[in-house]
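> What shape does this take:
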Amino acid sequence: MINKALVKKRFSKSLKTYEENAIIQKIMAKKLIKLLDSKEYNSIFEIGCATGILTKEIKNTLNFKEYSANDIVEKSQEYINKIIYPNTFLAGDIEEIKLNKKYNLILSNASLQWCNDIEKVLEKLINSLEEKGTLAISIFGDNNLKEIKDVFHIENNTYSSAKLRKSLEKYNLIKFEEEEFKIEFENPIMILKHLKLTGVNAIKEFALTKKKLKEFEEEYIRKYQNNGKVLLTYNPVYIKITK
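You can find the predicted model right below:
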């Protein structure tokens with residue numbers, strides 16, 4: 001089970017540093033918008049808005065009458081208000097909050113992988129679409145941060161990309177696409193810093209002693225060093241469903 005309290009805590013701490021360091025999330029946001037066939041919508045709902053990386057793409061590329069946003073971190077509303085105002089902000093865990101209206105377009109960039117039951121959440125979101133509405137999301141696949149998971153012995157027990165794709169075939173699944181990026185860092189400590197600045201260290205809580213940190217560095221370098229640099233894998237998944 002994903003520790004939602006830890007997720008909220010980590011992302012709350014990283015709000016000021018998130019956007020500068022969320023390199024892959026920016027790429028994902030741009031690609032997500034390109035998946036859309038239309039640029040005109042009555043109502044848009046964005047889930048996991050954080051500091052507004054996707055929100056800026058929405059504002060710059062789409063025409064809409066109503067915009068709503070959600071995030072588990074309440075302070076995200078301050079960032080969204082600076083981009084799109086007025087708006088309707090729904091604070092809380094998307095797995096728990098009730099959605100009382102329907103939308104023409106529901107979007108989410110790099111956030112729904114934090115759900116304990118992503119299939120149930122996607123069903124909830126599809127049910128919150130207007131007829132002919134669109135759900136377009138990006139999440140992360142099985143190989144995301146695979147080096148960190150390997151060295152720290154973390155199991156991805158929330159969902160698998162293959163199982164998720166299979167479960168979505170009952171809907172009008174237009175797109176299910178995966179890609180991989182490998183980012184180079186000077187050393188393993190820079191990777192840990194990068195994850196902390198983007199809040200992604202919410203994957204698990206660690207008490208890193210000097211000894212454990214040294215062991216982490218040595219194993220990471222031994223396994224994942226290439227031409228003097230250490231690598232970190234990101235595995236974006238793009239999903240588009242129409243109702």
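> tell me the strands in this protein, going along the chain?
40-47, 63-71, 88-91, 103-109, 129-140, 172-178, 181-185, 225-226, 229-234, 236-242 (DSSP state E).
> per-residue pLDDT, Asn156?
Listed pLDDT for Asn156 reads 67.
> List the contacts of the helix or strand bottoming out on mean pLDDT in the chain.
Each helix and strand of the chain was given a mean pLDDT (mean pLDDT, DSSP states H and E); the minimum falls on helix 4-21 at a mean of 90. Helix 4-21 is touched from outside by 50-53, 72-73, 75-76, 79, 93, 114, 194, 196-202, 205, with contacts defined as C-beta atoms under 8 Å, 6 or more residues apart in numbering. C-beta coordinates here come from the backbone N, C-alpha and C atoms, glycine included.
> let's see it at 10 Å
Contact partners of helix 4-21, identified using C-beta atoms under 10 Å, 6 or more residues apart in numbering, comprise 3, 22, 25-26, 48, 50-53, 56, 71-76, 78-79, 92-93, 95-96, 111, 114-116, 193-205.
> May I see the PyMOL selection of the buried members of these?
Per 16 or more other C-beta atoms under 10 Å, the buried members of the contacts of helix 4-21 correspond to this PyMOL selection:
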select buried, resi 22+25+26+48+50+51+52+53+71+72+73+76+79+93+95+111+114+115+194+195+196+197+198+199+200+201+202+203
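> Please flag which of the contacts of helix 4-21 sit within helices.
For these, membership in helices holds for 25-26, 53, 56, 76, 78-79, 193-198, with DSSP state H as the criterion.
> TSV for the residues you listed, including pLDDT and distance to Thr233?
What follows is these, written out as TSV (pLDDT from 0 to 100; distance: C-beta to C-beta, whole Å):
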residue	pLDDT	distance to Thr233
Gln25	96	15
Lys26	97	17
Ile53	98	20
Lys56	98	26
Ser76	97	27
Glu78	97	33
Tyr79	97	28
Lys193	93	17
His194	93	13
Leu195	91	13
Lys196	89	18
Leu197	90	18
Thr198	90	15
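> quick check, nearest of the residues you listed to Asn42?
Nearest to Asn42 among the ones in helices among the contacts of helix 4-21: Lys56, at 20.6 Å, using C-beta to C-beta.
> okay if I get the strands of the chain as CSV plus distance to Arg10?
Below are those laid out as CSV (distance: least, C-beta to C-beta, whole Å):
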stretch, distance to Arg10
strand 40-47, 18
strand 63-71, 13
strand 88-91, 17
strand 103-109, 18
strand 129-140, 16
strand 172-178, 25
strand 181-185, 20
strand 225-226, 27
strand 229-234, 17
strand 236-242, 20
